[in-house]
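Student: Fold the following for me, if possible:
(one chain, ligands or ions: 2)
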Amino acid sequence: MSTDRKTPLPDARRNPRFGGIATFGRWPRIEDLGSRADWGVLGVPFDGGVTYRPGARFGPRSIREQSQYLKNYSIEHGIDVPGLLALADAGDAPVLPYSVKQTLDGVIEHARSVDADRLLMLGGDHSIVYAGMTAAWERAGKPAGGLACVHFDSHMDTLDTVWGEKWNHATPFRRLIEAGVLDPKRTISVGIKGPLNTADDLDYAREQGIRLITYTDWKRSGDDALRSFIAELGDAPAYLSFDIDCVDPVFAPGTGTPSVGGFSSAEVLDLLRSLVGINLVGADIVEVLPDRDVAGNTALLAAHVAFEILALDAVRRDAAPG
Ligand code: MN
Ligand code: MN
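Tutor: Ligands and ions are numbered 1, 2, ... in the order given. Next up, the predicted model:
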């Protein structure tokens, strides 16, 4: 273990990356960190909320496996991420495979006991954002009006019900708005694409004031709308929710509701780097489905998305005075 960094890491020349128990990024288990973590990675192995193909319950394990080859230093930001942040693997939250709502309540309860200032949850299907954002909102002191949010996805996930059920992976952002946890007027959804089920699928989101950048918008107009949104947020506590299906299934085939023609891996990493300045209080990466992930590249991308999310907080702390 080297001691000049916030996160102690095994020496890859003595303990190779292909050996040992696969904690996320080879970081210490949270019990072994020796201090409160700046960020804890918490798996939520739950896919009881899917509308199409199940299997994302195995996402946290596959992302941990692929994260063994995650290195430390960001060339683009010029920082050593685990050097600047105390990072730990907080294991998996308890789940009840037959009940979405009881699982979400249980994850929120479990999150209260995790010894970390901020949580990055690994799904699991997108229903778990309800628990992830609620936990972040609680940690931020339950700000009135709710958290700001940057949401990457092919889908809005703001339906009211599916097959008569309110709790599933197509509805969580509506539930979060109803609960006062998410501020729709400071939310942007990036990478949305069709075809949709019906013409009115986006009406609720638009009525609530959620901003949309469809993949087509972004391709035509670039990053300006996203950059000005981030500037507008200033220091407001913000949550980042990343549904891997915003990435073209050519690059990320391991997902349950694939949507053709989205971001490349490189585009999405660039987009994440462009969010510098955001005050992140929590995040999630969801919808990784290992059984469809033939070469493991979806889970590998998810691990790198986690790195880029954490790098945003590391850059912010590195730049802070004192
Ligand atoms: Mn989603
Ligand atoms: Mn989606």
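
Student: Name the nearest residue to the closest residue to ligand 1 within the stretch 51-200 of the chain, sequence neighbours excluded.
Tutor: Ligand 1 sits closest to residue 126 of the stretch 51-200 of the chain, with a gap of 3.6 Å, by CB to the ion. All C-beta spots, glycine's among them, are computed from the backbone N, C-alpha and C. The shortest distance from residue 126 to any non-neighbouring residue, by CB to CB, 6 or more residues apart in numbering, is to residue 169 (4.0 Å).

Student: got it, and residue 35?
Tutor: That would be residue 86: by CB to CB, 6+ apart, it lies 6.0 Å from residue 35.

Student: returning to that earlier point: which residues are in contact with the residue nearest to residue 126?
Tutor: Residues in contact with residue 169 (CB atoms under 8 Å, 6 or more residues apart in numbering) are 49, 50, 51, 125, 126, 127, 157, 286, 287.

Student: and these, which of them are in strands?
Tutor: Mapping the contacts of residue 169 onto strands (DSSP state E) picks out residue 286.

Student: Next up, phi/psi of the residue nearest to residue 126, please.
Tutor: When read as degrees, to the nearest 10, the backbone of residue 169 gives phi -80, psi 0.

Student: What's the mean pLDDT across the one helix or strand residue 305 maps to?
Tutor: Using DSSP states H and E, the element containing residue 305 is helix 297-319. The predicted model gives helix 297-319 an average pLDDT of 97.

Student: For that helix, buried residues please.
Tutor: When burial is assessed from 16 or more other CB atoms under 10 Å, helix 297-319 yields the following buried residues: 298-316, 318.

Student: So what's the gap between that helix and the chain middle?
Tutor: Once both centres are worked out by CA atoms, centre = their mean, to the nearest Å, helix 297-319 turns out to sit 10 Å from its chain's centre.

Student: Just the CA trace of it, in CSV.
Tutor: Provided in CSV are the C-alpha atoms of helix 297-319 (Å, rounded to 0.1, in the frame of the first residue of the first chain):
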residue,chain,number,x,y,z
ASN,A,297,-17.2,-3.8,-22.9
THR,A,298,-20.4,-2.4,-21.5
ALA,A,299,-19.3,-3.1,-17.9
LEU,A,300,-15.8,-1.8,-18.8
LEU,A,301,-17.4,1.4,-20.1
ALA,A,302,-19.5,1.6,-16.9
ALA,A,303,-16.4,1.4,-14.8
HIS,A,304,-14.8,4.3,-16.8
VAL,A,305,-18.0,6.3,-16.5
ALA,A,306,-17.7,5.9,-12.7
PHE,A,307,-14.1,7.2,-13.0
GLU,A,308,-15.1,10.3,-14.9
ILE,A,309,-17.9,11.1,-12.5
LEU,A,310,-15.5,10.9,-9.5
ALA,A,311,-12.9,12.9,-11.5
LEU,A,312,-15.4,15.8,-11.6
ASP,A,313,-15.5,15.9,-7.8
ALA,A,314,-11.7,15.5,-7.6
VAL,A,315,-11.2,18.4,-10.0
ARG,A,316,-13.5,20.5,-7.9
ARG,A,317,-11.7,19.8,-4.6
ASP,A,318,-8.3,20.3,-6.3
ALA,A,319,-9.4,23.7,-7.4
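
Student: The spatially most central residue of the chain and ligand 2, how far apart?
Tutor: Centroid check for the chain by CA atoms, centre = their mean gives residue 284 as the closest residue, at 2.2 Å. To ligand 2, residue 284 is 13 Å away according to CB to the ion, to the nearest Å.

Student: Could you list the low-confidence segments of this protein?
Tutor: 1-4, 322 (pLDDT under 70).

Student: 50 - rerun?
Tutor: Low-confidence segments of the chain (pLDDT under 50): 1-2.
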